[in-house]
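Asker: Structure, please.
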Amino acid sequence: MTTDGASGRQPIEILKALSDPVRWSIIEQMASVDELPCITLENTLPVSKPTITYHTKILYQAGLISTRKSGRNFYYSLRRDVVHKLVDDLWQLAPRPRPVVGQENGQVAFGHPQKRAEGHGLPAPVRKRSASPDSTEEAVVLTW
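Answerer: Purely as a prediction, here's the structure:
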């Protein structure tokens, strides 16, 4: 199993940290901002301050978040590089064409990022593997 270069953690440790509903909620809130003050977590989570500290410590130890202290206040940031590395590790388990969101119009196109459609900045669409009428395209999980 590979380790994450940025955090030195194995994917299993990161997935364990993400498996708790409270920690998942913390990560979701951090994903929507650059930096999240601890007071926001205290106002949005149905748990005590010591419990928030416990969960943020686990996320920090897993390498998923960074912390900054300013005076008496703590601020948390999501380590997006670690999340991207985890997603890449998961894609290696079952490689499929990954969707790419267009920069100009936000449309999702399916295919390999290396294969760009001319003039659109989007990859060429994935073709069905066989010409039989009962064949279907495979579903692809969206990544960020």
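Asker: Confidence-wise, which helix or strand of the chain is lowest on average?
Answerer: strand 108-110 (a mean of 51; mean pLDDT, DSSP states H and E).
Asker: low-confidence ranges in the protein?
Answerer: Across the chain, the ranges flagged by pLDDT under 70 are 1-9, 101-144.
Asker: And the strands in it?
Answerer: All strands of the chain, identified by DSSP state E, fall at 36-37, 65-70, 73-78, 99-101, 108-110.
Asker: among these, which is nearest residue 92?
Answerer: strand 99-101 (16.7 Å; CB to CB). Any C-beta I mention is one placed from the backbone N, CA and C, and that applies to glycine too.
Asker: how about the helices in the chain?
Answerer: Per DSSP state H, the chain carries helices over the ranges 11-18, 21-31, 38-44, 49-61, 80-93.
Asker: With distance to residue 73 and mean neighbour count as extra columns, can I get those in CSV?
Answerer: Output for the helices of the chain, formatted as CSV (distance: least, CB to CB, whole Å; neighbours: other CB atoms under 10 Å):
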stretch, distance to residue 73, mean neighbour count
helix 11-18, 23, 16
helix 21-31, 16, 16
helix 38-44, 7, 14
helix 49-61, 13, 16
helix 80-93, 22, 15
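Asker: possible to save those helices as CSV with distance to residue 71?
Answerer: Shown next, in CSV, are the helices of the chain (distance: least, CB to CB, whole Å):
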stretch, distance to residue 71
helix 11-18, 27
helix 21-31, 21
helix 38-44, 12
helix 49-61, 16
helix 80-93, 26
